[in-house]
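Enquirer: pasting the sequence and the predicted coordinates here, then a few questions.
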Amino acid sequence: MSKTRRHGAMWKYLEACGVLDRGTDAEIKAAKRAYRKQYMLAFKQKQRATRPEYTVNFTTHDGEHGRVKLAAQRHHLTMSAFIRLSVLAYINQRYMVPDTEQIARLEQILSECLNEIRTIVHAKERWSWQREQKMEEIEKRIIRLETRIDEVFRNPPLSPQP
């Protein structure tokens, strides 16, 4: 075993123990093992202080475990990440969206509708009956918007199961 001096916490520990100068290879290995054990204990205590852990049990006969596992797969998350995010979403009164592409389609539909309504509203009117015509066009556009959004929500594309 090489007894060259290095910088680092382990080497400082070995020097403080005095095994680097007058210890055998077996004593140095034992001191390194003791340091690693002490380091891991301190690391785990620090982790527990900053990131507490909880145990959640699901029953298999009621299908709880299967439903949670399936929902986690739909969201492309591990079960623990899915449980964590769903709890935080519940607390924040938000939704977890499994399909971000569906949301992007809805945003695109709404943007297109807004652009069409803006073009209808900004067209110059010559007569008062044209105002009524504009309102009818806006009403028709909103009805089309409702049907497209309803279609996206009620008929989402089936994602392939992994």
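Expert: On my side now, so go ahead.

Enquirer: counting neighbours, what do you get for residue 48?
Expert: The number of residues packed near residue 48 is 10, by other CB atoms under 10 Å. Using the backbone N, CA and C atoms, a C-beta is placed for each residue, glycine as well.

Enquirer: next SSE downstream of the helix or strand where it lies?
Expert: Secondary structure from DSSP states H and E places residue 48 in helix 25-50. Sequence order places helix 64-74 as the next helix or strand after helix 25-50, per DSSP H and E.

Enquirer: now do the same for that next one: mean pLDDT, whole number.
Expert: For helix 64-74, mean pLDDT rounds to 90.

Enquirer: for this protein, give me the ranges with low pLDDT.
Expert: Applying pLDDT under 70 to the chain flags residues 1-6, 98-99, 125, 128, 153-162.

Enquirer: domain map for it?
Expert: Listed domain ranges for the chain are 9-50, 58-98, 100-154 (source: automatic domain parsing).

Enquirer: chain center to the first one: distance?
Expert: In this view, domain 9-50 has its centroid 37 Å away from the chain centroid, taken as CA atoms, centre = their mean, to the nearest Å.

Enquirer: repeat for the second one
Expert: On the basis of CA atoms, centre = their mean, domain 58-98 is displaced by 11 Å from the centre of the chain it belongs to.

Enquirer: mind listing what's buried in stretch 108-127?
Expert: 109, 113, 117, 120 (16 or more other CB atoms under 10 Å).

Enquirer: so of these, which ones are in helices?
Expert: 109, 113, 117, 120 (DSSP state H).

Enquirer: with distance to residue 46 added, can I get those in TSV?
Expert: Converted to TSV, those look like this (distance: CB to CB, whole Å):
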residue	distance to residue 46
109	49
113	53
117	56
120	62
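
Enquirer: closest to residue 143 out of the residues you listed?
Expert: Using CB to CB, residue 113 is the member of these that sits closest to residue 143, with 10.7 Å.

Enquirer: now for that closest one: which residues touch it?
Expert: Residue 113 makes contact with 141, 142, 144, 145, according to CB atoms under 8 Å, 6 or more residues apart in numbering.

Enquirer: the first one sits in which helix or strand?
Expert: Put plainly, it is residue 141. Per DSSP H and E: helix 128-154 holds residue 141.

Enquirer: pull out the buried residues from that helix.
Expert: For helix 128-154, the neighbour count (16+ other CB under 10 Å) marks 134, 137, 141, 145, 148, 152 as buried.

Enquirer: can you check stretch 16-32 too?
Expert: By neighbour count on 16+ other CB under 10 Å, the buried set for stretch 16-32 is 17, 19, 20, 23, 27, 28, 31, 32.
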